[in-house]
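> 3D model of this:
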Amino acid sequence: MNTPADSSDEKQRILRARAEALAREPRSASADGAALEIVEFTLAHERYALESVFVTGAGPLDALTPLPCTPLFIRGLVNVRGRIFPVIDLKRFFELPDSGITDLHRILIVEAPGIVFGLLADTIGGVRRVPVAELQPPPATFTGIRADYLRGIAADRLVVLDGARILSDRRIIVHDEVET
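The predicted model follows:
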């Protein structure tokens, strides 16, 4: 039979063990191995992200110049700090609802060897780290072209895109020449 002193000692031991567990440093994603540093942004009220290694800049969408005779997902050209980039609208490319462009839209400058362009975003959320082990495969609702560029979905429903695949896909490059 337990005495009140035994019960009190057991409670103290349990509380001490809990306090020690809470005081321990959380395991970092880098200690587990792979983590992605991502740049978060929104498209059509959904949260997306790209690895920060592909993002070389971000800013407001100023003075977008339409570019005739291009696919609908190419919104035009923009001049950012003296460099001219095409701007790609992933909402149109992924066939998401499009509500037009306002002065509140932002662009992410993405780059890989031999290619650079701006991605149109509704908002830019910032930079953070996501453990690779946290990424889940896409649900069945992600079909078609959007699924082709998906790296995974984080626990907080953040859609992580495969930047390398986007930047290397020839479908986003326009090679049409106008006959003279």
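
> residue contacts, Phe117?
Applying Cβ atoms under 8 Å, 6 or more residues apart in numbering to Phe117 gives the contacts Phe85, Pro86, Val87, Ile88, Ile109, Val110, Ile172. The C-beta positions use only the backbone N, C-alpha and C, and glycine is treated the same way.

> which strand or helix spans it?
Per DSSP states H and E, Phe117 falls inside strand 115-121.

> direction included, what does that strand pair up with?
Its sheet considered, strand 115-121 pairs with strand 83-88 (parallel), strand 106-112 (antiparallel) by DSSP bridges.

> go through those and name the closest to Ala49.
strand 106-112 (10.3 Å; Cβ to Cβ).

> looking only at pLDDT, what's the mean for the closest one?
Strand 106-112 carries an average pLDDT of 91.

> check the offset of that strand from the chain's centre.
Distance of strand 106-112 from the chain centroid (Cα atoms, centre = their mean, to the nearest Å) equals 12 Å.

> for that strand, which positions count as buried?
Arg106, Ile107, Leu108, Ile109, Val110, Glu111 (16 or more other Cβ atoms under 10 Å).

> what does stretch 54-69 give?
Under the neighbour-count criterion of 16+ other Cβ under 10 Å, stretch 54-69 has Phe54, Val55, Ala58, Leu61, Leu64 buried.

> alright, that wraps it up for me.
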